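*Asks:* What follows is a predicted structure for the sequence shown.
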Amino acid sequence: MLPTYLLSLREGLEAALIIGIVLGAVSKIRRNDLAPAVWLGTLSAVAVSILTALILTSFGMSLEEKAEQLFEGITMLVAAGILTWMIFWMGKQARFLKSELEAGVNKAAARYAAGKRAVFWLAFIAVVREGVELALFITAAFFAGDQSQVTSNIIQTLAGTILGLGTAILLGYTLFATTVRLDLRRFFQVTGILLILFAAGLVAHGIHEFNEVGWIPAVIEHVWDVNIILDENSLAGQLLKTLFGYNGNPSLTEMIAYFAYLATVFVYWRRDNKVPAKATVESHA
């Protein structure tokens, strides 16, 4: 439940910020007649996102044995790749997001007759991107969970998603309706670190699935076995498995993929978050 809560909170807050910015821009130019189009675009994007999640999960559950393992492995690696891109993209583009959305609203409103249609698509495309990403992440998180308890896994996935989106809506409303200000940069940094660890787990889990079907050799089947200390099938083991990809007896290629991913992301993370020396000097001047 925790991974889907975290994913839903982050993606939901991004969507809430987008909706708030668009509605604020509509109000700023005194075109409140465009607000229904914004909400219609948002609701349409939500419907498409839910449908995407249902199709992906249902398709995966309909597969058996090798086909299911391949689907899970590919889904996890694709989700890890998109999740990583999303984290870095948000870090770079967040500062320009508001101005770009407001410019889009101004351009759409200037068309008068076509304004509602343009604003609808602006809201739809902005929100559906977050929603489809979340659908893919939730599918990957679902299959990373305990597949021997499907009903419990479904309930936990739904509960985490609903709670995460609910929290995002409350935070979004609080930001735009009150004087409370959330340090969004810090929020996205903290959740970004947690989601990078989650993505590393998806990478390792995806490689594990490919080990099972023989696409990628294990080289050493079990580098170590610590299940006697912390069983991966225990409650704590299942939580760590779903959240961080814990495996009590991983293969060598699984461990190489896990640490290679973390090392690569860490290098780019430091580069993107490094304060230039010139800026540091100027800030102290």
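*Replies:* Thanks, I have the structure now.
*Asks:* low-scoring pLDDT stretches of this structure, where are they?
*Replies:* 1, 91, 93-98, 109, 111-115, 145-148, 178-184, 273-285 (pLDDT under 70).
*Asks:* can you point me to the longest helix in it?
*Replies:* In terms of residue count, the longest helix belonging to the chain (DSSP state H) is helix 65-109.
*Asks:* Give the next helix or strand downstream of that helix.
*Replies:* With elements assigned by DSSP states H and E, the helix or strand that comes after helix 65-109 is helix 115-144.
*Asks:* Mind jotting down where the helices sit in the protein?
*Replies:* 2-28, 35-62, 65-109, 115-144, 150-177, 184-213, 235-244, 252-273, 277-284.
*Asks:* now those as a markdown table including distance to residue 224?
*Replies:* All C-beta atoms are positioned from the backbone trio N, CA, C, and that covers glycine. A markdown table is the format used below for the helices of the chain (distance: least, C-beta to C-beta, whole Å):
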| stretch | distance to residue 224 |
| --- | --- |
| helix 2-28 | 24 |
| helix 35-62 | 30 |
| helix 65-109 | 22 |
| helix 115-144 | 21 |
| helix 150-177 | 27 |
| helix 184-213 | 14 |
| helix 235-244 | 15 |
| helix 252-273 | 9 |
| helix 277-284 | 43 |
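*Asks:* which stretch among those helices comes nearest residue 223?
*Replies:* The closest of those to residue 223 is helix 252-273. By C-beta to C-beta, the value is 5.4 Å.
*Asks:* elements contacting that closest one?
*Replies:* Helix 252-273 is packed against helix 65-109, helix 184-213, with contacts defined by 3 or more C-beta pairs under 8 Å, 6 or more residues apart in numbering; DSSP states H and E.
*Asks:* what angle sits between the longest one and helix 2-28?
*Replies:* So that's helix 65-109. Interaxial angle, helix 65-109 versus helix 2-28 (axes from the mean of the first three to the mean of the last three C-alpha atoms, to 10 degrees): 10 degrees.
*Asks:* what's in contact with stretch 47-58?
*Replies:* If you take C-beta atoms under 8 Å, 6 or more residues apart in numbering as the criterion, stretch 47-58 is touched by 75, 128, 130, 131, 132, 134, 135, 136, 138, 139, 142.
*Asks:* Of the residues you listed, which pair is most distant in space?
*Replies:* Checking the contacts of stretch 47-58 with C-beta to C-beta, the most distant pair is 128 and 142, at 20.4 Å.
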